[in-house]
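Enquirer: Quick one, structure for this:
(one chain, ligands or ions: 1)
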Amino acid sequence: MRPIKILAIVGSLRKDSYNRQLALLAKEIVGDRAEFEILDYSDVPLLNQDIENPPPEPVRRVREAVKSADGIWFFTPEYNHFFPGVLKNLLDWLSLPVGKEAPAIVKKPAAISGTTIGMHATACAQDHLVTLISYLDMDVMNKPRLTIPYIQEQLDSEGRVTLSKSRRYLERQADAFLAFVRKRVGDAGHEA
Ligand SMILES: Cc1cc2nc3c(=O)[nH]c(=O)nc-3n(C[C@H](O)[C@H](O)[C@H](O)COP(=O)(O)O)c2cc1C
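Expert: Prediction:
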């Protein structure tokens, strides 16, 4: 009997990233209903097949983190209507099989949220991300997805994300994703 584990992957390496703050708020909302960790992948190198085998230590670490998670929750900004290159680089590493083992992300339940300072609210970036992670055979929860525009309108005086207008949507997505993951974990014969 173990609690489910959610691994959050933030598509921004920025220290004060709004998307990272969104992930932290999601962690708070999830509370004791699941373990919730934000993946640190800032040290994962740019993929170069010359260094694919043996994989660099940071790559081993992120693979293990993904392998031990029951669900992956993406929080991504939008760069030029796409998701950021750092996230693509991470997913490329995670897409590689390890020996005869399938890549750790195959069949992993996935949810997507995102926020920007613009009006498109990461919708374009999320569509591109869904195309990629569907190709990688992740188990994507398409409804609900969360897109929050104009995040600068939901900050406190110190620039921290308050989510004063959008918190209920994050709560709904957290409820939906926990149910989605529990069903998958239950179907696989573990504790639901
Ligand atoms: C290279 C680049 C491209 C961007 N393109 C978009 C865009 O297409 N749409 C948008 O809404 N915001 C865009 N932005 C602004 C980001 O939404 C904003 O920087 C946001 O704060 C990034 O997320 P973060 O706070 O999690 O780092 C772009 C920012 C950068 C650096």
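Enquirer: which bits of the chain sit near the ligand?
Expert: For the chain, the contact set with the ligand under CB under 6 Å from any ligand atom comprises 12, 14, 17-19, 77-81, 116-118, 120. To be clear about C-beta, it is placed using only N, CA and C from the backbone, and glycine gets the same treatment.
Enquirer: Buried among these? Make that a PyMOL selection.
Expert: Buried members of those can be picked out in PyMOL with the line below, counting by 16 or more other CB atoms under 10 Å:
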select buried, resi 12+17+18+19+77+78+79+116
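Enquirer: could the residues of the chain next to the ligand go into TSV alongside pLDDT and secondary structure?
Expert: What follows is these, written out as TSV (pLDDT from 0 to 100; DSSP: H, G, I helix; E, B strand; the rest coil):
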residue	pLDDT	secondary structure
12	98	coil
14	97	coil
17	98	coil
18	98	helix
19	98	helix
77	97	coil
78	97	coil
79	97	strand
80	96	coil
81	96	coil
116	96	coil
117	95	coil
118	90	coil
120	88	coil
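Enquirer: So for the closest residue to the ligand within the chain, what's the nearest residue that isn't a sequence neighbour?
Expert: When distances are taken as CB to the nearest ligand atom, the chain reaches nearest to the ligand at residue 118, 2.5 Å away. Excluding the flanking residues, the one nearest residue 118 by CB to CB, 6 or more residues apart in numbering is residue 149, at 6.6 Å.
Enquirer: now for the top helix by length along the chain, which elements pack on it?
Expert: In the chain, taking DSSP state H as the definition, the longest helix is helix 167-187. Using 3 or more CB pairs under 8 Å, 6 or more residues apart in numbering; DSSP states H and E as the contact criterion, the neighbours of helix 167-187 among helices and strands are strand 5-10, helix 18-30, strand 71-75, strand 109-115, strand 146-148.
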